Every structure is written in structure tokens, then in C-alpha cells.
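Undergrad: I'll drop the sequence and a predicted model, then ask my questions.
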Amino acid sequence: MNWWIIFQLYHWITAANTIPAYYQLTDEAFFAQPAGCQLISLANPDTLLLDAALFHATNEARHHAGLPSLQYDLALYLAASSHAESMIKRKYYSHENLYSLAELTAAKRIRQRTDRFNWTAENIGQYQTIDTPEWFGVRRNARTGRYEYLDSETKQLYQPYSYADFARYAVRQWLASPHHRANLLNPTFSHVGCAGRLSPNPYVELHAPFGRLVQNFGGKHDSAQASN
């Protein structure tokens, strides 16, 4: 018997079942940490921190509505991160991934990774990562070749959101949409996976940088399915 293989298999299984440190915190404890207050480095974002911020902002909204926390689920997280990554890399925004029949729909993406849930739903969102008002100016810096986003009157440059602020902003946008709100505040869901991936070349295009975000929800109640 190859004990080395058994040893490696044990550690692989253990690691797969370990909840990452960020997800072991309450939403209140997570947002009290300095990490979430960092401005997002759009050229080199900490995607693990962003994903955790989205998770905790989701639970924060549920708590404000008097609902219990959703639990982190690795399979739902992998489905969400895979779709967010695909949308950014292949430059589309849709629940349907037409580049992969195996991952065409949210249901397929989730079922590829788990069959524990008989009720699933997906929220997606595309939101600007620069913290600006509705109307703002844009100019191209001739020295750097990069676009800058600024107050047209004062010429003050607008900065990226912090990880915490961007996650909370995204959740507010979902809550403002009835279908997305229904998923996010659905009391029958027990687990969630959240992921966001950001536009890969910030500041090189006229439009402001953005992120494409995914929430995958799972519940073990009545057999039903939703996707928004």
C-alpha cells in the first residue's frame, strides 16, 4: 500500500472540507477588519478578499431583513467564480455561457459540482469599480496613456471603491431589483457562493472599469429552480 498517496489524499479531502478563514467570521467581524477598507487595486485585485466581501455583504443584508445567515458552500463558490471568470475573459454578460455546453446554465454549473441542492438560483451583476456620481468627466492622460475619471468642475480624480464598499454597493443594486432581491432574501436558501472578477485592463478604455459578479444560492427544500 502506498502510504504517501493515502497521506496526500487525506490532506486533499481535509483541505476541500475546510472553510476558508474569511468565511468563519461574522459579517460584523469581517467588515471591522482593515483588509476590507483597502481601495481595490484594479490592476491586481485580491479576488479572494473581494469574494469574501460579497459573501458578507449578502449576509449583512439578510440580517437587516431579519433573515438567518447563508452558509459558505465550496461547490456554489466554484460555480460562481467559474462563471464570473468566464464572463470577464470572454467579454459577455449573461446567465448563459454559450462557450461551454457543460456550463450553459446556472443549474448545469452547479450540478457539475454538487447535487446536494434541489433549489438553486443565480444573481449576476455588472457594476463600475470607480466610486463616482452618476455624471462625471473622463480625460486621457497623455503621459501615462491611461484614462482618468474626475469631477468636471474641480478636476478631482475619483478613486476605486474599497473592497467592503464595492461589495455593499453591489448588494444594494441587487436589492433594488425585485427579482434579484427575491433571491437574495429568500428564506429557503441556506447556502451561497459569491464571486467577482474585474475588467482586466482598467484605465485603457473610455468607459470606467467594472466588475462582473455572481451569486449562486442553494437550498434543500421543495424541488424548484430560479435564475435571475
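TA: Nice, thanks for sending it over.
Undergrad: The closest residue to residue 87 other than its chain neighbours in helix, strand or coil?
TA: Of all residues beyond its chain neighbours, the one nearest residue 87 is residue 212 (4.4 Å), with distances taken as C-beta to C-beta, 6 or more residues apart in numbering. Every C-beta, even on glycine, is put in place using the N, C-alpha and C of the backbone. Using DSSP: H, G, I helix; E, B strand; the rest coil as the criterion, the local structure at residue 212 reads strand.
Undergrad: and if you look at the one 5 residues further on?
TA: In the three-state summary, residue 217 is assigned as strand, counting by three-state DSSP.
Undergrad: ditto for residue 183
TA: For residue 183, the reduced secondary structure class is helix; criterion used: three-state DSSP.
Undergrad: which residue sits closest to it, ignoring its sequence neighbours?
TA: Distances taken as C-beta to C-beta, 6+ apart put residue 121 closest to residue 183, at 4.4 Å, once the chain neighbours are dropped.
Undergrad: what's around that neighbour, how many residues?
TA: 27 (other C-beta atoms under 10 Å).
Undergrad: Am I right that it is in contact with residue 186?
TA: Yes: using C-beta atoms under 8 Å, residue 121 is in contact with residue 186, at 7.1 Å.
Undergrad: Below-threshold pLDDT in this protein: ranges please.
TA: For the chain, residues meeting the criterion pLDDT under 70 lie at 1-17, 221-228.
Undergrad: let's see it at 90
TA: The chain contains residues with pLDDT under 90 at 1-19, 220-228.
Undergrad: Now do the helices in this protein.
TA: In the chain, the segments counted as helices under DSSP state H are 3-16, 27-31, 47-64, 74-90, 106-111, 163-175, 178-184.
Undergrad: Give me the most central residue, the protein.
TA: Relative to the mean C-alpha position of the chain, the nearest C-alpha, by C-alpha atoms, centre = their mean, is the one of residue 195, at 2.7 Å.
Undergrad: on that earlier part again, partner residues bridging the residue nearest to residue 87?
TA: Partner residues in beta bridges with residue 212: residue 126, residue 197, with DSSP bridges as the criterion.
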